[in-house]
Each structure stands twice: as structure tokens, then as C-alpha cells.
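**Q** Generate coordinates for the sequence data below:
(chains A and B)
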There are 2 protein chains.
Amino acid sequence: MERVYNFAPGPSMLPVPALEKAAKEMLSYNNSGMSVMEMSHRSKVYMDIQKAAENLLRELMAVPENYKVLFLQGGASLQFAMVPMNLYKNGKADYMKTGQFATKAIEEGQRFIDVKVVASSEDKVFSYIPEVDRSMFTPDADYFHITTNNTIFGTRFTELPDTGNVPLVGDMSSNILSQVYDVNKFGLIYAGAQKNMGPAGLCVVIVREDLVREPMDKTPLMLQYRTHAKEDSLYNTPPSFSVYMAMNVFQWLKDQGGVAAIQKVNEAKAKILYDFLDESGLFKGTAQKKDRSIMNVTFVTGSKELDDEFVKSAAAAGFVTLAGHRSVGGMRASIYNAMPVEGIEKLVGFMKEFEAKKA
Amino acid sequence: MERVYNFAPGPSMLPVPALEKAAKEMLSYNNSGMSVMEMSHRSKVYMDIQKAAENLLRELMAVPENYKVLFLQGGASLQFAMVPMNLYKNGKADYMKTGQFATKAIEEGQRFIDVKVVASSEDKVFSYIPEVDRSMFTPDADYFHITTNNTIFGTRFTELPDTGNVPLVGDMSSNILSQVYDVNKFGLIYAGAQKNMGPAGLCVVIVREDLVREPMDKTPLMLQYRTHAKEDSLYNTPPSFSVYMAMNVFQWLKDQGGVAAIQKVNEAKAKILYDFLDESGLFKGTAQKKDRSIMNVTFVTGSKELDDEFVKSAAAAGFVTLAGHRSVGGMRASIYNAMPVEGIEKLVGFMKEFEAKKA
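**A** I've put the predicted structure just below:
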């Protein structure tokens, strides 16, 4: 059974050692005589796994002591509601509209709080990150929301907005653990696991303790951060197997040298692709150079037919899921932590051949 | 690596063939060159898995055409809020208080709707199911909520209350697929997967189409049944690996002959334990005979010290997680579908030896 190079935007490639460990331990984890998915979540053997996952994540991201790490369910989509429901105080929040998930966060946020869209890049199909400065921000906003990496459009914030005392909230779903971030700059970070952490169905929230407060009226118990913070994410049954897989992935990342080390690899991987795109006569990157993502590389040929032909022939050659998001078309290579350098090198080789054939 | 007999209340034992299949396919599912947890949820290969899981569940439970099957996250605990938020119309609902999860459902329900507790068995530590009749019910309630099986106290409804036109809502977390139910008798069924279906982190909702309606104001998009019903549970990334595991478990159950066949096995398994409890001089069942669960068998010796000694020595002999819930103590043997008959026979053998030693 040969493995493919999987450029899916998420769920996406996971490190082979993490998968191999899971396969090996499927019928009996650590001589317990049972699979992790069969364990009571109140048993010591499982609680040790969850604690190890949390400790590894804290170490990898240098999460300060005064931040809680929560393992939740519902994905980033549920955080679009949980953030305003839990951080609501003055009743207003600033958002930057830099892509489709940012837009969804805004639309869901508006259900609960007075949203100001500080800046948008919708005018140019979200191909850039707008310049902003403090004078544009709401000084007494309850929080300021950004999407640190825009999966569909291949952009990222290379600099974080300076929001002063207003807590910065980052949807980091598609680039958590891919580059070094100073967690202190955020009030809250959230991320679905299915790109750089593990299987879908787990959502990580890192929240400064003072923001774990009384939520809006009629906030379901399960949607209150304090419910989960008080019980170390064991208020109800957690998605235990996904937490275990995340632990395996975190351990793998630590073995690679941690986030600073993988950032260098990620930058090198992205450079290979972008350098080729910048010199190619056929393929062209779609994101503004200064804002290019190192996780999602978006490009086009300029012809829908050629794009389709490329995606199809690449798949046949073992480079799968290269089609762009259904809303924008073209191509997108998602190159998360688990994508090896040789996957990119071989893809560029294939692109060169394709281009030569079309010349 | 020897497997243990795992009597955990959930997460709990899963069928070995389902686990073996998962181990074997961990690095490449069906020659796709990737793990199920690496697949885009929009890919055909994954969507076929989710469709297969749904079709198997529909077949196993004979789910009528006019019911939607939803694969959600957040467990039964989130349904405690989603049910009132989505079924709210006249603003009142009836609940039966038959255990701890029923109590939690009531407490969370009260946040959103006017709750009437029709009957409670709290007076006798939830050791029975109270008798009720239609005259006690609210005729224009939006729904009538029961917990079909009470995990902690070892009771179940042997007869469903006849609620007429008021939709019956069943929390079936701990006995779904263990016995034949007529889905038509329910307006809505929900169940966390982690007992009879698969890993924690997946929650199945079976809902009659006319109940998928406009929810209460300020219901988060992710908490609206219609969001997921419209998109076949693919509005956002589903807990895809858990859905795949559920598919494997459903297939195993079908291979056993389906729900009617496993019900016979389950009744026989429970009978072995209850027959012994009824003749034992040391061990004594705690649930009223007429309401005994066939999934969770609760018992005591009458002495806390002996209970502790029994739980400890049983674990040493390979019968693990037999301690009762921390709120009630004593013992509980959870014997879901995946627990083989020989697990019960050997446990009873061990109990007999223990009793002889103490005589």
C-alpha cells in the first residue's frame, strides 16, 4: 500500500510515525489490554494521555501559566459562537475580514455582539492582508478577531495587529504549530485539530484566565469556557482518541526539534514552491507576495481547462487533492507540518514537466 | 498483549474486528494511500464512508424515510441544550427524572424552556422507573424527554410512555442498538457514540423531519439541527475518523445478525449476571427487578470495604473498571454489545470464588 502525497487543506496529511504508533496500539495501549478509544475517560491511563497532550502543547507553544488549554469539540465553527458568547462584556468586537472563515466568524459573531469590520480584503478576492493601525480600532471592544492564516486564499498575517488592551483573538486553525507565535500577544487562540494537530473532531482553545468569565445569558453549559476550564476538559466525555492522536503528533513535532525547527522547514518548503511559481511561464501564485502563507500555496494557470487537466494528471501521478476551494477554483497545495520536503520537490518536478509539455 | 474484560460504562469495549480493521487500514484505507483521518471530508472516498455509516444505521434501526440521521459533536451533554433550543414552540416540555443524566438534561433544559418534571425516582436513589400515565402529561408540551437507559443506576424503561401527539425525545446514549426500538414512537433520539457505536466525540441524532424547524432566537448556527440536516452532516468538518469507526461497528453488528439478534444475546448475558445476583449470599443487585437494565448491572455487597476489595481483586484478575459511579459507589458491570458472553461467565465465576473465600 503506497502512500500518496496528500495536499488536502484539512483533514490532511499526518506524520507517519504518529499513525504507525496508533496502528500498533489499537488493540492494547501500553499493556492496558484495551484501545485508547475503549478507556474510561476517568481512568488514570487515559487522564495521563490527556495531561501529556496538554503538557506537550504547552511546551511546544511556550504557553504561559496564566493561560488555560482546553480540548473541546465542534471545530472552529463552534468557536465563532463561543468567542462572542463568552467574551461579551461591552457588547462590541472588531473583526478583520480576510477570507471565507473570517467572514463566517463575522456572520456568526453578529448573532451575539455588535461587530465592526475594521478592514476587509474582499475587494481583491481576499488575496492580501489589509494594512491597519490602532486609530481604526474600537478602544473598548471586548476583543479583536483575526484569522492568522487564510486556508482558501493562501495568505497569512506576517505581523499581528497591535490591539493594546483589547484581547486579540486568533483563529489559528490552519497554521497553529507551523511557526513561532508569542501566545502572550493573544487573549485567546483557537484551532481545529485537523491540519497540524490530529483528527477532525477536536478543537484546541488557549485562553488567558481572566477571559474565562461569566458568559452571556442563555449560553449552553457546554459552550461556556468556564465549564471546561474548571474540569480540565473532562466535564463530559472528551474526544479521547483524537486527544491521543494529538499527543502522538505533538511528540513527533517535539522530536523534529519543536516549532522553531519546523518553521524553518516550512519556510524552506514554501520557498521551493513560490520560487518556482515566480519563474514559471505557466503557473502563477494568486496571493500578494508580502502576505503569502507558508501552509497553503494557491496558484492558477489562467485557464480553467488547464487547471482541471493539471489537477487530474497530478492526482494520477500521486499528488492528490490539489484542486482549489470550490468557491475560487484553481489550485491549492496545502503543505502542513507533516508534508515532507520531498513531496514539494517532486510536485515542482511534476509541474515543470507539465509546463514543458504545454509549451 | 492480552486483552482485558473491560466493564467500563463508556468509553467502553468495542468489537475486536472493528479495531483490527482500523489498525490494518491506518496508513492506507482501501488503497487510497492515506488514513481516513487524513482525508478531505469533501472527497468521494470519505463521503462514501459517511454514507455507508448512515445507511447501516438506518438498516439496523429501521429508521423511517421521514427521519434525518445526523452525525454531530459535543456528546449527549450538548443535546441537553440543542433539544430545547430547536424544539421550542409553546415554551414548555415534560421530563422524567430517572437518573443523573436525566437530571442534567432537566437542569440544562430549564435554561431555555419551562420544564415540568412529570415523575422522579430520586426518592429511592433512582433505583426504579416511576409509573406514569397520560393524565400527568402536559398536553401542549413541545416534547416529552426520557433517558431510555440509566447508566449509573442500572435501570431502563421497559415500556415507553404513550405521549400521543407530543414528540417523545429519548436520550439513548447507553442502550442504542442493544434492543429493538420502534423509531416511529420517537420524535427524536440522541446518543453519544462511546458505548455501543464507536469512539467518544461523535453524537448521533435521529430526528423526524417536521421537528427540524426554526430554532430559538440566538441559537448558534452549529447548534441548529437544520444546519446539519441541510448539509447531510457536512456543514463543517465532521469527526470523520469516529464516523468511520462507527461504520465498522455497525458492520460488525450487522454481521452478528442485527439488533434483534444482539438483543437476545444481551438478554442472555444480563440474565447470567442477574440470576447469580439473585441467588448470591454476598452480592445484591440495586435496581428494582422490573426495571433492570440489560446494559449496566449495578450491585453491592453491603460493605464499602468488601466492595473496594472486590473491585481491586477483580481488576487484578483481568475484569477491569467494575467500580460503580463515584456518586453511588458499589459495583457496576457495563455489558454493552461488544462484551462477549464468556466475559460475563468468567466474571460470575470470579464472583463465586470471591464469595466462597468470604464465606
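**Q** Pull out the buried positions in the longest helix along chain A.
**A** Looking across chain A with DSSP state H, the single longest helix is helix A:259-279. By neighbour count on 16 or more other C-beta atoms under 10 Å in any protein chain shown, the buried set for helix A:259-279 is A:Val259, A:Ile262, A:Gln263, A:Val265, A:Asn266, A:Lys269, A:Ala270, A:Ile272, A:Leu273, A:Tyr274, A:Phe276, A:Leu277. In this view, the C-beta of every residue, glycine as well, is placed from N, C-alpha and C.
**Q** could the residues you listed be laid out in JSON lines, adding pLDDT and distance to B:Leu168?
**A** What follows is the buried residues of helix A:259-279, written out as JSON lines (pLDDT from 0 to 100; distance: C-beta to C-beta, whole Å):
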{"residue": "A:Val259", "pLDDT": "98", "distance to B:Leu168": "51"}
{"residue": "A:Ile262", "pLDDT": "98", "distance to B:Leu168": "52"}
{"residue": "A:Gln263", "pLDDT": "98", "distance to B:Leu168": "55"}
{"residue": "A:Val265", "pLDDT": "98", "distance to B:Leu168": "56"}
{"residue": "A:Asn266", "pLDDT": "98", "distance to B:Leu168": "53"}
{"residue": "A:Lys269", "pLDDT": "98", "distance to B:Leu168": "55"}
{"residue": "A:Ala270", "pLDDT": "98", "distance to B:Leu168": "55"}
{"residue": "A:Ile272", "pLDDT": "98", "distance to B:Leu168": "60"}
{"residue": "A:Leu273", "pLDDT": "98", "distance to B:Leu168": "56"}
{"residue": "A:Tyr274", "pLDDT": "98", "distance to B:Leu168": "59"}
{"residue": "A:Phe276", "pLDDT": "98", "distance to B:Leu168": "62"}
{"residue": "A:Leu277", "pLDDT": "98", "distance to B:Leu168": "59"}
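**Q** Just send the residues you listed back as a markdown table, with distance to chain B too.
**A** As requested, those are exported to a markdown table (distance: C-beta to the nearest C-beta, whole Å):
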| residue | distance to chain B |
| --- | --- |
| A:Val259 | 21 |
| A:Ile262 | 18 |
| A:Gln263 | 22 |
| A:Val265 | 19 |
| A:Asn266 | 18 |
| A:Lys269 | 18 |
| A:Ala270 | 20 |
| A:Ile272 | 22 |
| A:Leu273 | 20 |
| A:Tyr274 | 23 |
| A:Phe276 | 24 |
| A:Leu277 | 23 |
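**Q** before we move on, back to that, show me what the helix or strand following the longest helix of chain A is packed up against.
**A** Later in the chain than helix A:259-279, the nearest helix or strand by DSSP states H and E is strand A:284-285. Judged by 3 or more C-beta pairs under 8 Å, 6 or more residues apart in numbering or on different chains; DSSP states H and E, strand A:284-285 is in contact with helix A:259-279, strand A:296-300.
**Q** B:Leu14: which of those is closest?
**A** Smallest distance to B:Leu14 across the helices and strands packed on strand A:284-285 (C-beta to C-beta): 33.9 Å, for helix A:259-279.
**Q** Give me the residues contacting that closest one.
**A** Residues outside helix A:259-279 that contact it (C-beta atoms under 8 Å, 6 or more residues apart in numbering or on different chains): A:60-61, A:177-180, A:253, A:256, A:283-285, A:292-295, A:297, A:299, A:333, A:335, A:337, A:339, A:341, A:344-345, A:347-348, A:351-352.
**Q** now it and strand A:296-300, what's the angle there?
**A** Here the directions of helix A:259-279 and strand A:296-300 differ by 10 degrees (axes from the mean of the first three to the mean of the last three C-alpha atoms, to 10 degrees).
**Q** Tell me where the stretch 101-250 of chain A has strands.
**A** A:114-120, A:144-147, A:149-150, A:155-156, A:168-171, A:188-192, A:203-208 (DSSP state E, counting those that start in this stretch).
**Q** Could you pull up phi and psi at A:Ser327?
**A** phi -80, psi -20 (degrees, to the nearest 10).
**Q** list the contacts for it?
**A** Shown in contact with A:Ser327 (C-beta under 8 Å, 6+ apart): A:Gln100, A:Ile152.
**Q** That one and B:Lys271, how far apart?
**A** Separation of A:Ser327 from B:Lys271 (C-beta to C-beta, to the nearest Å): 58 Å.
**Q** How about A:Lys24?
**A** 38 Å.
**Q** and if you look at A:Lys357?
**A** Relative to B:Lys271, A:Lys357 is positioned 71 Å away (criterion: C-beta to C-beta).
**Q** again with A:Glu20
**A** Computed with C-beta to C-beta, the distance linking A:Glu20 and B:Lys271 is 43 Å.
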